[in-house]
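Colleague: Task: produce atomic coordinates for the following.
(chains A, B and C, ligands or ions: 2)
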Amino acid sequence: MLGQIAYALPFLAEGFALTLWVSLLVVVLSLIAGVILGVGLVYGPAPLRWAVRIFSDTIRGIPILVLIFFVYYGLPAVGVHLQSFWAAVLALTLFKTAQVVEYLRGAVASIPKGQSEAAMAIGLTFRQRLAYVIFPQAFRRFLPPWINGVTDAVKGSALVSLLGITDLMQAINQVIGRTYEAMPLYILGALLYFAVNYALSYASRRLEQRFTFIRE
Amino acid sequence: MATSSSDSPALLDIAEVSKSFGSVEVLRSVSLKVAKGEVVTVIGPSGSGKTTLLRCVNFLESYDSGSIRIDGREVGFRDGGARQRRSEHDLAAMRAETGMVFQSFNLFPHLTAAGNIMLGLTKVRGKSKSEARAIAEHWLGRVGLAHKADSLPAELSGGQQQRVGIARAVAMEPKILLLDEITSALDPELVGEVLAVVRSLAEDGMTMVMVTHEMAFARDASSRIVFMADGGVSAVGPPKEVLAAETTNERLRSFLARFRASQF
Amino acid sequence: MGYTLNFNLIWRHFDKLWGGLLLSLELAVISIAIGIVIGLVLAVWYVSAGRVVRGVIAAYVEFIRNVPLILLVYLVFYGLPTVIDVAYSAQTSFVATLALYSGAYLVEVFRSGLEAVPRGQIDAGKAIGLTPWQRLIHVRLPTMMRITLPALSNTFISLFKDTSVASVISVPELTYGAQWINFNTFRIVEVYLVVTAMYLVTGYALLFALRLVERWYRTAR
Ligand SMILES: Nc1ncnc2c1ncn2[C@@H]1O[C@H](COP(=O)(O)OP(=O)(O)OP(=O)(O)O)[C@@H](O)[C@H]1O
Ligand SMILES: [Mg+2]
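Modeller: Ligands and ions are numbered 1, 2, ... in the order given. Presented below is the predicted three-dimensional model:
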């Protein structure tokens, strides 16, 4: 039985690589989109603020699985044809973007009002206040939850297996289909996911400790 | 309109300023002139509008009517009479002409003591890093913290933080310095070191408006004292007059009585 | 492009969605009820236990939190019965999984809540002569509950959304109903619009209700 599993290892490794690739794409794209929308939410004009609020509350209010199915089955129905890989990346990115928006809002909101006022009092303009006073501090509060939240992208990516994409989850299911060694393979898969995510959450905790001097 | 500023020698001219938060009238037609080199202290019961008045002077707070001029120029509104808010850019430039020291210090926690002072010098005054550093070190020396230039705020005591706060404000060479209860967040034994710095600035001729509950300091260090009550200036004059025991101003008398009981 | 919305087929099969929604709620409620018991017991045990027990509890928490729910669902439903002699329905299997899953999150919630109970309160409890057990029941748990109630509400709302994963082992909850209508009527956009609305309305209504409960609990004593 172990021989059979060893035989499948390269296949599993490919699936694992795809899981990491999807996660990486989602994390990078959502960071860009989320920071832009997040700044819009905090500092934008009222219509933009409302639009971002509705976007974020809607996305965070439904299961990721529903979001994935909606994008995957819904887009072709309205004439947009994406490869299943990119449909999956799009759906997960929407989900992560809403998270990033909230991390950013929380980080900026946690900077005391006095910081803005002190920056105003020495004559800094709006952009200078953001660049030299607010963002440097907000960054330290944004980073730990954001890194910890990367685990949500990795875990969420396992759902793309349902679209027939051969990520780690799907690779495991396929190997089980051939070998009937369900338990060892699920445990192997769990350990792989665990290794990645635990490393991320550990890094997040370490960073948080390093940044505590800001909290006073 | 241009004539009104020329016939007044005042550096700061607050004229009939009123302001409401919702339905609460916080400032009621406040007028006050401060000449160059004067040290004016503002006293009064809690909620009388002292902080709000000070924040209006550098337009951290807008006001509903009246005008506030520094060197003849309206602070928050465009030149030319119409009550049109200045652009963000002009406001920043106007604010750089006033310095402010806060009750809660508000040092930038991610910057060192020197970094706090250098930020405005480099980004607003356009000075080079090395020039700004030299100025920062000069002022840190003046407030007795030359050796703390590279410490983060979290590594400083409250009194030290507030002295950096003062250095940050005066390093910009403001025309006028605004100080709002800058010692009330400090332990009693640290109050003296901060007030000593303010006193030495006053001796240098720095124009200051200072809200304080330190009556002894107000009496000894100020040219005039303003007593505020219910959003208005209730009494104003030299310390000896305002703090006189035989004042006929009821509100002032009861306010002072509370202080005499505890302090003088 | 040229897609016209037509909700008729959705309404004809609406019982699938309605029944699915009720089942989703049922799964979430049963799971969190068991999860609260797991979380409370382990949290109380954790704060008073030695290194070994702490290590075991922490391992359980970290394992569950760092593995995708869908994998846990497969593992319990397809994996476990191959190594131990048990037989259970998909629904029972899912509830067991989600209970263990929520338990891991709630251990953390309750543990930090217990540690946030001010020392002075515990000392005051000692001072009036309460036993450790009495202090737990009458001082620490009530205070902890007040601190953790918001986090508990949030956990429940996420669990409600997580029930959608039960569809992968054919438990006929709301997402399963959506997929059934999707495959049988091809009114894809319509069914997902309706299901999105159902999740949103239910989720935010629950959140609103739970916030009221929190407010009531805070002022009730
Ligand atoms: N942002 C605000 N919104 C609403 N009301 C405010 C605001 N800021 C101040 N006020 C109110 O305005 C009044 C004057 O406040 P202000 O802070 O100017 O008083 P103060 O004289 O500085 O008092 P203290 O001695 O306590 O500092 C108070 O009644 C206060 O509640
Ligand atoms: Mg005040």
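Colleague: use CA for all of it now, contacts and neighbours both
Modeller: Will do.
Colleague: what's the average pLDDT for stretch C:149-164?
Modeller: Mean pLDDT, stretch C:149-164: 95.
Colleague: That stretch vs chain A: in contact?
Modeller: Yes - under the criterion of CA under 8 Å from any CA of the partner chain, chain A is reached by stretch C:149-164 at C:K161, C:D162, C:S164.
Colleague: Nearest to C:E108 among the residues you listed?
Modeller: Proximity of those to C:E108, judged by CA to CA, is greatest for C:D162, which lies at 18.5 Å.
Colleague: okay if I get the residues of stretch C:149-164 next to chain A as TSV plus secondary structure and neighbour count?
Modeller: What follows is the residues of stretch C:149-164 next to chain A, written out as TSV (DSSP: H, G, I helix; E, B strand; the rest coil; neighbours: other CA atoms under 10 Å in any protein chain shown):
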residue	secondary structure	neighbour count
C:K161	helix	25
C:D162	helix	20
C:S164	helix	23
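Colleague: and those as CSV, adding distance to A:I64?
Modeller: Converted to CSV, the residues of stretch C:149-164 next to chain A look like this (distance: CA to CA, whole Å):
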residue, distance to A:I64
C:K161, 8
C:D162, 8
C:S164, 9
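Colleague: For chain C, give the helix that spans the most residues.
Modeller: Scanning chain C for the longest helix, with DSSP state H as the assignment, gives helix C:14-48.
Colleague: what helix or strand does the spatially most central residue of chain C sit in?
Modeller: With distances taken as CA atoms, centre = their mean, C:L159 lies nearest the centre of chain C, 3.5 Å away. Element membership for C:L159, per DSSP states H and E: helix C:141-162.
Colleague: Tell me which other helices or strands that helix touches.
Modeller: helix C:14-48, helix C:90-115, helix C:188-220 (3 or more CA pairs under 8 Å, 6 or more residues apart in numbering or on different chains; DSSP states H and E).
Colleague: next helix or strand past the longest one?
Modeller: The first helix or strand that comes after helix C:14-48 along the chain, using DSSP H and E, is helix C:51-65.
Colleague: show me the contacts for the residue positioned nearest the centre of chain B.
Modeller: Computing the C-alpha centroid of chain B and ranking residues by CA atoms, centre = their mean puts B:L178 first, at 1.2 Å. With contact taken as CA atoms under 8 Å, 6 or more residues apart in numbering or on different chains, B:L178 is in contact with B:L54, B:T98, B:G99, B:M100, B:V101, B:M208, B:V209, B:M210.
Colleague: what is the mean pLDDT for the helix or strand containing the third one?
Modeller: Looking back up the chat, that one is B:G99. Here B:G99 is covered by strand B:98-101, with elements defined by DSSP H and E. Rounded to a whole number, the mean pLDDT of strand B:98-101 is 94.
Colleague: now swap in stretch A:91-101 and tell me
Modeller: Mean pLDDT, taken over the full extent of stretch A:91-101, equals 97.
Colleague: again with stretch B:11-29
Modeller: Across stretch B:11-29, pLDDT averages out at 94.
Colleague: go on, stretch B:53-70?
Modeller: Predicted confidence along stretch B:53-70 averages 93 (mean pLDDT).
Colleague: Ranking helices and strands of chain C by mean pLDDT, which lands last?
Modeller: The element with the least model confidence among the helices and strands of chain C, by mean pLDDT, DSSP states H and E, is helix C:119-127, at a mean of 79.
Colleague: Can you give me the neighbour number for residue 57?
Modeller: In the absence of a named chain, this looks at chain A. Residue crowding around A:D57 was assessed by other CA atoms under 10 Å in any protein chain shown; the count is 15.
Colleague: not quite, I wanted chain B
Modeller: B:V57: 27 surrounding residues under other CA under 10 Å.
Colleague: what secondary structure does the residue nearest to the centre of chain B sit in?
Modeller: Taking DSSP: H, G, I helix; E, B strand; the rest coil as the rule, one finds B:L178 in the strand state.
Colleague: And the pLDDT at it?
Modeller: Among the per-residue scores, B:L178 shows a pLDDT of 96.
Colleague: now swap in C:V47 and tell me
Modeller: Model confidence at C:V47 (pLDDT) stands at 89.
Colleague: Ligand 1 versus that one, what's the distance?
Modeller: Here the distance between C:V47 and ligand 1 works out to 43 Å (CA to the nearest ligand atom, to the nearest Å).
Colleague: How about that residue: what's its closest non-neighbour residue?
Modeller: Spatial nearest neighbour of C:V47, excluding adjacent residues (CA to CA, 6 or more residues apart in numbering or on different chains): C:R111 at 7.1 Å.
Colleague: now B:E16
Modeller: Nearest residue to B:E16, sequence neighbours excluded (CA to CA, 6+ apart): B:S29, at 4.0 Å.
Colleague: Which strand or helix spans the one you found?
Modeller: Using DSSP H and E, the element containing B:S29 is strand B:24-34.
Colleague: tell me which residues in that strand are buried?
Modeller: B:V26, B:L27, B:R28, B:S29, B:V30, B:S31, B:K33, B:V34 (16 or more other CA atoms under 10 Å in any protein chain shown).
Colleague: residues contacting the fifth one?
Modeller: Under the criterion of CA under 8 Å, 6+ apart, the contact partners of B:V30 comprise B:I14, B:A15, B:E16, B:V17, B:S18, B:G231, B:G232, B:V233.
Colleague: Of these, which is the nearest to C:I32?
Modeller: In terms of CA to CA, no member of those lies closer to C:I32 than B:G231, at 55.3 Å.
Colleague: my read: that closest one touches B:V26, true?
Modeller: Yes - shown here, B:G231 and B:V26 form a contact pair, counting by CA atoms under 8 Å, at 5.0 Å.
Colleague: Now the common contact residues for the two.
Modeller: Contact criterion CA under 8 Å, 6+ apart; residues bridging B:G231 and B:V26 by contacting each: B:S48, B:G49.
Colleague: Identify the residues contacting residue 182.
Modeller: Since you didn't name a chain, this refers to chain A. Contact analysis of A:A182 by CA under 8 Å, 6+ apart lists A:I176, C:L75, C:Y78, C:G79, C:T82.
Colleague: right idea, wrong chain: chain B
Modeller: Listed by CA under 8 Å, 6+ apart, the contact partners of B:I182 are B:V101, B:F102, B:Q103, B:S104, B:F105, B:Q162, B:T212.
Colleague: and if we set it to 6 Å?
Modeller: By CA atoms under 6 Å, 6 or more residues apart in numbering or on different chains, B:I182 lies in contact with B:F102, B:Q103.
Colleague: cool, the one 10 residues further on as well?
Modeller: When contacts are counted by CA under 6 Å, 6+ apart, B:G192 is found next to no other residue.
Colleague: Tell me how far it lies from C:F77.
Modeller: When distances are taken as CA to CA, to the nearest Å, B:G192 and C:F77 turn out to be 72 Å apart.
Colleague: Okay then, goodbye and thanks.
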